[in-house]
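*Asks:* Pasting the sequence and the predicted coordinates here, then a few questions.
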Amino acid sequence: MNWLIKDGSILSNTGGLVKKDIRIQDQKIVEIGENLEPVSEEKIFQANGHLITPGFVDLHVHLREPGGERKETIETGTMAAARGGFTTIAAMPNTRPVPDTVEHVRDLQQRIKETAHVRVLPYASITIREAGKELTNFAELKQEGAFAFTDDGVGVQNAGMMFEAMKQAAAINGSIVAHCEENTLIYGGAVHDGEFAKKHNIPGIPSICEAVHISRDVLLAEAAGCHYHVCHISTKESVRAVRDAKKAGIRVSAEVTPHHLLLCEEDIPGLDTNFKMNPPLRSREDREALIEGLMDGTIDFIATDHAPHTEEEKAVGMKTAPFGIVGLETAFPLLYTNFVEKGLMSLKQLVDWLTIHPVETFQLPYGRLEVGQLADIAVINLKEEKEIDPQQFASKGKNTPFKGWKCKGWPVATFVDGKLIWQEGMVNA
Ligand SMILES: NC(=O)N[C@@H](CC(=O)O)C(=O)O
Ligand SMILES: [Zn+2]
Ligand SMILES: [Zn+2]
């Protein structure tokens, strides 16, 4: 079906909002203008002045399928994405099995084809079973559609292994995406090694646990000549390491999550496992350094690290509950309300960190609201305020620390490839 989106507000190049209509034909945006008239066989979508942005791109999502379907499936996770305004997401490989062979990636692609509501780019792992012992075959996996390579969930412990991985990535113009965590510096920690850990007598993960891997890896990436990307950056030392590496001309990029931008250890209300994630919420200064790093371009974009777990899994106490919180359905409203509305960043900056910055970092053909581009579009109501209610999530995961937060900026409709795949109030497609 072809669509004419009427009366949308789109961001101009200078960041102002302008009233426009958008014509979609055969999956693409074919016209953006004023007072466009419908042509035959075109359906009108009345945007009522709502914000129209390119569909958001989240390059760090755990869909859990195959193997973790009690936490999430490709179907539920991609509906959560659609409801959050995300039209392209990259699926992390800490599943069972791990996408570490051509057969496993092929099976994953088939599941995506059959059940995904939004575009899903599958990661393949760096090492077999993410066990850190034996590299996967990047060229073969890329051929099968692997988007990039990561062992997210665990750090690659061995420097020689990481160097070989980076050389293999360089040879196929691929990217290494790194969960940076040095196992000998975790100390069984469940939260950041700081005030909260001390007060509650819970083992802490020190900041150096992350930064030593980043410092090691930027040197390896320089020597190997590959693109190296840092997942969920969380400390001031890490920001400094990425900043210095960029200054030195090394091809490094980094992402930060909404929760690390919005919360620090002081905000953890008590022994609530919805505040337990990896990396942990760090100190107030760390959080400030992350915001500064995003503002000055050291950190390239925002990714949610959507990590659903069941309520039973989370209900076993701070020390033993699994790490991770959901993020797809709350990312934009949270960031819009707490940063844009408060004047700490512009709407254009926020949208760019969720669209053009991730796609440029990984040279992807999405994330642009322009004639000729794929019609991946989010329609967002910037005015109505609603409270975050996990029971309303499409995601199976209800594990959010933001329950009860009042936000504006809720997506109301999402188009992928020119198709309306979700609209507020619509029964799930
Ligand atoms: N971030 C998390 O706390 N958890 C992630 C793993 C990861 O992203 O490292 C998960 O898979 O649950
Ligand atoms: Zn991780
Ligand atoms: Zn992750």
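*Replies:* On my side now, so go ahead. This structure is a prediction, so every number in the text was calculated from the model and none was measured. Numbering: from 1, shown residues only. Ligands and ions are numbered 1, 2, ... in the order given.
*Asks:* Tell me the predicted confidence for the nearest residue in space to Y336 that is not next to it in sequence.
*Replies:* Nearest non-adjacent residue to Y336, counting by CB to CB, 6 or more residues apart in numbering: G409, 3.2 Å away. Where C-beta positions appear, they are placed from N, C-alpha and C, glycine not excepted. pLDDT for G409: 98.
*Asks:* Correct me if wrong: G409 contacts K383.
*Replies:* No: taking contacts as CB atoms under 8 Å, G409 lies outside contact range of K383: 9.1 Å.
*Asks:* Name the next helix or strand following the helix or strand hosting E140 along the chain.
*Replies:* Taking DSSP states H and E as the criterion, E140 maps to helix 138-143. Sequence order places strand 149-150 as the next helix or strand after helix 138-143, per DSSP H and E.
*Asks:* what number of residues lie near E41?
*Replies:* Per other CB atoms under 10 Å, the neighbour tally for E41 reads 8.
*Asks:* circling back to that earlier point, which neighbouring elements make contact with the helix holding E140?
*Replies:* On a contact count with 3 or more CB pairs under 8 Å, 6 or more residues apart in numbering; DSSP states H and E, helix 138-143 meets helix 102-115, helix 159-171.
*Asks:* what's the longest helix in this protein?
*Replies:* helix 208-224 (DSSP state H).
*Asks:* mind listing what's buried in it?
*Replies:* Under the neighbour-count criterion of 16 or more other CB atoms under 10 Å, helix 208-224 has 209-218, 220-222, 224 buried.
*Asks:* where's the closest residue to P206 other than its chain neighbours relative to ligand 1, distance?
*Replies:* In space, and not counting its chain neighbours, P206 is closest to D193: 4.2 Å by CB to CB, 6+ apart. As judged by CB to the nearest ligand atom, to the nearest Å, D193 and ligand 1 stand 16 Å apart.
*Asks:* Need the pLDDT of G425.
*Replies:* With respect to pLDDT, G425 scores 87.
*Asks:* Near it, how many other residues are there?
*Replies:* When neighbours are defined as other CB under 10 Å, G425 has 6 of them.
*Asks:* Walk me through the domains of the protein.
*Replies:* Following automatic domain parsing, one gets these domains for the chain: 2-51+374-423, 55-361.
*Asks:* With distance to G367 as new columns, can the ones you listed be given to me in a markdown table?
*Replies:* Listed next are the domains of the chain as a markdown table, based on distance: least, CB to CB, whole Å:
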| stretch | distance to G367 |
| --- | --- |
| domain 2-51+374-423 | 8 |
| domain 55-361 | 4 |
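*Asks:* and of the ones you listed, who's closest to R368?
*Replies:* Comparison of the domains of the chain against R368 by CB to CB identifies domain 55-361 as nearest, at 6.7 Å.
*Asks:* ok, how many other residues are close to the residue nearest to P206?
*Replies:* Neighbours of D193 using other CB under 10 Å come to 23.
*Asks:* For it, list the residues it contacts.
*Replies:* Shown in contact with D193 (CB atoms under 8 Å, 6 or more residues apart in numbering): 187, 203-207.
*Asks:* try M277
*Replies:* By CB under 8 Å, 6+ apart, the contact set of M277 is 259, 305, 307, 323-325.
*Asks:* Please go through the residues you listed and note which also touch ligand 1.
*Replies:* Among those, proximity to ligand 1 is found for 305, 307, 323-324 (CB under 6 Å from any ligand atom).
*Asks:* Between which two of those residues is the distance greatest?
*Replies:* Maximum pairwise distance among those (CB to CB): 9.9 Å, between D305 and F323.
*Asks:* Show me what the following helix or strand past the longest helix of the chain is packed against.
*Replies:* Downstream of helix 208-224, the first helix or strand assigned by DSSP H and E is strand 227-230. Judged by 3+ CB pairs under 8 Å, 6+ apart, strand 227-230 is in contact with strand 175-178, helix 208-224, strand 252-256.
*Asks:* let's see it at 10 Å
*Replies:* helix 159-171, strand 175-178, helix 208-224, helix 236-247, strand 252-256, helix 356-361 (3 or more CB pairs under 10 Å, 6 or more residues apart in numbering; DSSP states H and E).
*Asks:* State the mean pLDDT of stretch 73-89.
*Replies:* The pLDDT scores in stretch 73-89 average 99.
*Asks:* looking only at pLDDT, what's the mean for stretch 299-315?
*Replies:* Averaged over stretch 299-315, pLDDT sits at 99.
*Asks:* With stretch 96-112 instead?
*Replies:* Per-residue pLDDT over stretch 96-112 has a mean of 98.
*Asks:* Can I get that stretch in PDB, CA atoms only?
*Replies:* Extracted C-alpha coordinates of stretch 96-112, given in PDB (Å, rounded to 0.1, in the frame of the first residue of the first chain):
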ATOM      1  CA  ARG A  96      21.500 -20.600  22.600                       C
ATOM      2  CA  PRO A  97      22.800 -21.600  20.200                       C
ATOM      3  CA  VAL A  98      25.100 -18.600  19.600                       C
ATOM      4  CA  PRO A  99      25.200 -17.500  15.900                       C
ATOM      5  CA  ASP A 100      28.700 -18.700  15.400                       C
ATOM      6  CA  THR A 101      28.300 -20.800  12.300                       C
ATOM      7  CA  VAL A 102      26.700 -20.300   8.900                       C
ATOM      8  CA  GLU A 103      23.900 -22.800   9.900                       C
ATOM      9  CA  HIS A 104      23.100 -20.900  13.100                       C
ATOM     10  CA  VAL A 105      23.000 -17.500  11.300                       C
ATOM     11  CA  ARG A 106      20.800 -19.000   8.600                       C
ATOM     12  CA  ASP A 107      18.400 -20.300  11.100                       C
ATOM     13  CA  LEU A 108      18.300 -17.000  12.900                       C
ATOM     14  CA  GLN A 109      17.700 -15.200   9.500                       C
ATOM     15  CA  GLN A 110      14.800 -17.500   8.800                       C
ATOM     16  CA  ARG A 111      13.200 -16.800  12.200                       C
ATOM     17  CA  ILE A 112      13.700 -13.100  11.600                       C
END
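*Asks:* Next, the contact list for the residue nearest the centre of the chain, please.
*Replies:* What sits nearest the mean C-alpha location of the chain, by CA atoms, centre = their mean, is A303, with 2.7 Å. Neighbouring residues of A303 by CB atoms under 10 Å, 6 or more residues apart in numbering: 57-61, 89-90, 229, 231-232, 254-258, 327, 331, 353-354, 358.
*Asks:* Give me the three-state assignment for the nearest residue to it once chain neighbours are set aside.
*Replies:* Distance criterion CB to CB, 6+ apart; nearest residue to A303, sequence neighbours excluded, is H60 at 3.7 Å. Put simply, H60 is strand when judged by DSSP: H, G, I helix; E, B strand; the rest coil.
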